[in-house]
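J.: kindly return the folded structure for what I paste below:
(one chain, ligands or ions: 1)
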Amino acid sequence: MKFRLEKRYCFPICIVVLIFFLFTFFCQVPAYSAYPPEMRVGISLLNSHVELSFDSGYCLVNKASGTTLPLPAGNYRLVNVCSGIQVLDMPGNSQGVFSGPLELKPLSSQSSGQSFQLHNARYGQEYRGALEVFAEGNTLRAVNILDLESYLRGVLAREMPSSWGNYGGMEALKAQAVAARTYALYNHSLQRHTGFHLCDSQHCQVYGGKNSETGNTDSALSQTRGEILTFNNRVIAPFYHASNGGYTEAPQNVWTSGLPYFTSVPDPYDDPDNPPPGLVNFVVHRYARWEADVPLSSLGLLLAKSGFSNPGEIERVDIVSAFPSGRVEDVRIRGTGGAVVSLLKEKARTALGLRSQLYTVRSEPEPRVWIASSVNGMERKESFPELEGKWVASGYTMKRMLIGESFSAQGNGTKSFVPYQALIFEGRGWGHGIGMSQNGAYNRSRAGHGYRDILSFYYPGTQIDIGY
Ligand SMILES: [Zn+2]
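T.: Down below sits the predicted model:
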């Protein structure tokens, strides 16, 4: 009897579970479409005017009325006048004032090679697609409207050197193509801006338009067309950076909260001290190891700019705790008066301008004066702390105080003492260390790894899906 009862209820329960599963699944699937999504990219946001050139393949449309302005091809200057848009030809004759927005549109949607010029854009000059111009306060904003793949052609070489493709790095470029595409879609849905999806700076992704396109990056994009990274059917936040110094990092150790597709593990392909055995031509990133002096004279100002109090004259600095990767969790700066400033996680990196969170620091400030000399073409630096603050003759009559990291000097003469002392940080890597290391991806590509393997190492547990 019991068995029959269970059987009777088995079918409807299965249906309910199935419906719940399908509902959950489809609710999480990103909105894929048959075509690359349209992107609106802010390419001139701070100027009060824009300067445009276009050929006969374009027309300028008043979007408010839907009418085309009777303007021939040429150069035009659009100016914000009382929150309207005045159109001037190059001799300076007004062609009218419009409330806007105005849109520069290609006459044919098939003209894939077509471009117009925006002369006062931040990172480029020549652009594909269309351009919308609208007034925002005292500025005129210029927004490039184009499909995602065309947009990425102007991004990829700005994010990773396209020349890497000539030295075994094509798979790294392809991994970067998937990451950049994913990042664009992720930002698209975040709505970080009003009136456009992404800006053209590091805040979103650097975008240089048609001038930034290269053969290698175009090839990386076409070979991965539409591919994006997902986790549980959702577009991920594919953070990347220049070099992790040999150890990846989890977001909660840099910011506040974690994400399930990031871990903190050793990365021998970006570790200059322990590269994979047998790997020839291992590329050491130029900031794989770095040293930074933070002058005591500027420390208080740097801390104040980031909202910290000034600890006064510095007595010592200590790393109180660090994560397994070696990245610092808490570094404390103690003043001689007892005041202590605690910089947590990435705060020291951002406040003091360090290249990464993976560093050690000498506990006591040190004098930083060197005598630089050249022996057989080799630069030689010797520390002469006892010369700190002394005056020297430079040339015939000029005197210069010995302050700074390097100098050449003749003669001597003693004057008042102004110490130049600094906190000395020794670090590894460049960037936050979360997600893909570009240098690590390059070494992996040179070692024969495919872009899918590269991405699965840096974004474990994710999938590559076709977005459209
Ligand atoms: Zn932005």
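J.: so where do the helices sit in this protein?
T.: 2-28, 148-153, 156-159, 170-190, 215-223, 296-305, 347-352, 438-446, 451-458 (DSSP state H).
J.: neighbours of the nearest residue to residue 323 once chain neighbours are set aside, just the number please.
T.: Nearest residue to residue 323, sequence neighbours excluded (C-beta to C-beta, 6 or more residues apart in numbering): residue 253, at 4.7 Å. In this view, the C-beta of every residue, glycine as well, is placed from N, C-alpha and C. As a burial measure, residue 253 scores 22 neighbours (other C-beta atoms under 10 Å).
J.: just checking, residue 253 touches residue 263?
T.: No - using C-beta atoms under 8 Å, residue 253 makes no contact with residue 263, being 10.7 Å away.
J.: mind listing what residue 275 touches?
T.: Contacts for residue 275 were tallied using C-beta atoms under 8 Å, 6 or more residues apart in numbering; they are 268-269, 282, 443.
J.: scan those and report the most crowded one.
T.: Going by other C-beta under 10 Å, residue 443 tops the contacts of residue 275 with 27 neighbours.
J.: which residues does the closest residue to that residue other than its chain neighbours contact?
T.: Leaving aside its chain neighbours, residue 443 sits nearest to residue 269 (4.1 Å; criterion: C-beta to C-beta, 6+ apart). Applying C-beta under 8 Å, 6+ apart to residue 269 gives the contacts 275-276, 279, 437, 440-441, 443-444, 447.
J.: and which of the residues you listed is nearest the ion?
T.: Set against the ion, the nearest of the contacts of residue 269 by C-beta to the ion is residue 437 (22.8 Å).
J.: just give me the neighbour total for the spatially closest residue to that closest one that is not a sequence neighbour.
T.: Leaving aside its chain neighbours, residue 437 sits nearest to residue 244 (4.2 Å; criterion: C-beta to C-beta, 6+ apart). Neighbours of residue 244 under the rule other C-beta under 10 Å: 36.
J.: need the contact list for residue 244.
T.: Contacts of residue 244 (C-beta under 8 Å, 6+ apart): 267, 270, 358, 429, 431, 433, 437, 439-440.
J.: would you turn those into TSV with distance to residue 153 and pLDDT?
T.: Formatted as TSV, those follow (distance: C-beta to C-beta, whole Å; pLDDT from 0 to 100):
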residue	distance to residue 153	pLDDT
267	29	98
270	27	98
358	34	98
429	29	98
431	24	97
433	28	98
437	24	98
439	23	98
440	25	98
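J.: restricted to strands, list the residues you listed.
T.: Judged by DSSP state E, the subset of the contacts of residue 244 located in strands is residue 437.
J.: neighbour count and distance to the ion added to the contacts of residue 244, as JSON lines?
T.: Putting these into JSON lines (neighbours: other C-beta atoms under 10 Å; distance: C-beta to the ion, whole Å) gives the following:
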{"residue": "267", "neighbour count": "24", "distance to the ion": "28"}
{"residue": "270", "neighbour count": "30", "distance to the ion": "27"}
{"residue": "358", "neighbour count": "28", "distance to the ion": "27"}
{"residue": "429", "neighbour count": "34", "distance to the ion": "24"}
{"residue": "431", "neighbour count": "24", "distance to the ion": "18"}
{"residue": "433", "neighbour count": "33", "distance to the ion": "22"}
{"residue": "437", "neighbour count": "30", "distance to the ion": "23"}
{"residue": "439", "neighbour count": "29", "distance to the ion": "25"}
{"residue": "440", "neighbour count": "29", "distance to the ion": "26"}
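J.: the residue of the stretch 351-468 of the chain found nearest the ion - nearest residue in space that isn't next to it in sequence?
T.: Nearest residue of the stretch 351-468 of the chain to the ion: residue 432, at 17.3 Å (C-beta to the ion). Nearest residue to residue 432, sequence neighbours excluded (C-beta to C-beta, 6+ apart): residue 254, at 5.0 Å.
J.: count of neighbours near residue 84?
T.: By other C-beta under 10 Å, neighbour count at residue 84 equals 13.
J.: quick check: bridge partners of it?
T.: Using DSSP bridges, the bridge partners assigned to residue 84 are residue 81.
J.: in stretch 89-98, which residues are buried?
T.: For stretch 89-98, burial by neighbour count (16 or more other C-beta atoms under 10 Å) applies to residue 98.
J.: no no, stretch 438-450
T.: 438-447, 449.
J.: who's in contact with it?
T.: Contact partners of stretch 438-450, identified using C-beta under 8 Å, 6+ apart, comprise 159-160, 164, 167-173, 175-176, 240-244, 267, 269-270, 275-276, 279, 281-283, 285, 288, 451, 453-454, 457-458.
J.: how far is that stretch from where the chain is centred?
T.: When C-alpha coordinates are averaged (C-alpha atoms, centre = their mean, to the nearest Å), stretch 438-450 and its chain have centres 20 Å apart.
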